[in-house]
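Peer 1: Have a look; sequence and predicted model below, questions after that.
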Amino acid sequence: MQLRPHPALTNLVRHYLVLDGASTAASVHRLFADGNTGLVFNLNNATLCTTDAAPAQHTCWVYGQVSTYHDLLLTGSINWVVAVLQPYAAYHVWGIPATEWLNGLFPAAEVLGREVTTITNRLANAQDVHDRVRLLDNFFLQAIDKEPNPDPLIVQAVQYINSRHGIVSVESLLKSLPVNERTLERKFKLHIGITPKRLVDVIRLTHSAKRMQRISGRLLTGVAYDSGYFDQAHFIKEFKKYTGITPHQYHAQAHPLALNFLRL
């Protein structure tokens with residue numbers, strides 16, 4: 001279930017995502033890039049870790065940009081509220097260079113302090129989903145009280161890419177902005193953690209995944225062309241590079257927790 005944040009948070013929070021499922025034995029889930037960062041509030045007993053690490057149970061995880069796919073081991077009862085943030089939001093709110101979050105899945109309390117534990121406890125004790133949204137809105141509104149507006153150049157760049165579903169070139173992006181390529185790339189690394197070209201590729205792939213979720217049958221050629229790929233072979237190659245599976249495998253996936261988080 002996706003829920004909208006307070007209107008004043010539009011440039012910070014894309015949406016809140018509620019994931020609630022039955023208890024599960026240890027199972028491997030694949031996470032791949034969708035261009036966003038965020039906080040995962042763990043309101044039950046789920047544990048989450050990379051497949052080569054010991055299981056860890058935390059009340060909240062924070063994640064950054066993902067440059068490639070990762071396999072994570074998930075156990076326990078899933079009762080999560082995910083604050084899906086804009087690509088640049090983590091740097092704007094907490095001031096940590098986005099490159100330091102790259103490929104990271106961290107216990108949030110270690111990175112952001114005691115306030116994350118407080119909000120997680122309040123979310124767990126909330127009466128319903130509407131109370132949880134109100135708590136999250138207040139949490140983020142207080143976080144941006146002193147500096148409500150992110151870098152306008154970065155916001156404009158991300159909006160331009162999103163509005164065209166990633167079917168843009170870096171050259172056309174630069175023509176739409178009062179900035180040169182070197183400065184834009186430096187700002188992207190600081191605010192978002194990846195290059196403009198990488199974000200373009202990720203957003204295009206994300207929109208292709210959304211298109212696949214809306215169609216039935218196995219004819220995915222139209223998705224390739226609608227998503228701006230040269231042909232089906234190019235689409236398959238790019239999709240597998242970022243997700244580790246083919247578009248057909250993704251389309252047949254029966255157990256997605258979220259667009260970019262799939263049970264294998």
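Peer 2: Now that the structure is in, tell me what you want to look at.
Peer 1: shaky segments in this protein?
Peer 2: For the chain, the stretches with pLDDT under 70 are 21-25, 51-56, 216-219, 254-255.
Peer 1: got the buried residues for the strand ranked longest in it?
Peer 2: Longest strand in the chain by number of residues (criterion: DSSP state E): strand 13-31. Buried residues in strand 13-31, counting neighbours by 16 or more other Cβ atoms under 10 Å, are found at 13-14, 16-17, 29-31. Bear in mind the C-beta positions are built from the backbone N, C-alpha and C, glycine included.
Peer 1: residues in contact with the closest residue to V66 other than its chain neighbours?
Peer 2: Using Cβ to Cβ, 6 or more residues apart in numbering and skipping residues adjacent in sequence, the residue nearest V66 is A33, 4.1 Å away. Neighbour list for A33: 65-69, 202, 205-206, 242, 260 [criterion: Cβ atoms under 8 Å, 6 or more residues apart in numbering].
Peer 1: Between the buried residues of strand 13-31, which sits nearest I167?
Peer 2: Distance ranking of the buried residues of strand 13-31 against I167, using Cβ to Cβ, places R14 first at 19.5 Å.
Peer 1: Which helix or which strand is home to the residue nearest to that closest one when sequence neighbours are not counted?
Peer 2: Among residues not flanking R14 along the chain, V84 sits closest, at 4.7 Å (Cβ to Cβ, 6+ apart). For V84, the host element (DSSP states H and E) is strand 70-85.
Peer 1: counting contacts, what elements does the following helix or strand past that strand pack onto?
Peer 2: Per DSSP H and E, strand 70-85 leads on to helix 89-94 as the next helix or strand towards the C-terminus. Here helix 89-94 touches helix 129-143, helix 181-191, going by 3 or more Cβ pairs under 8 Å, 6 or more residues apart in numbering; DSSP states H and E.
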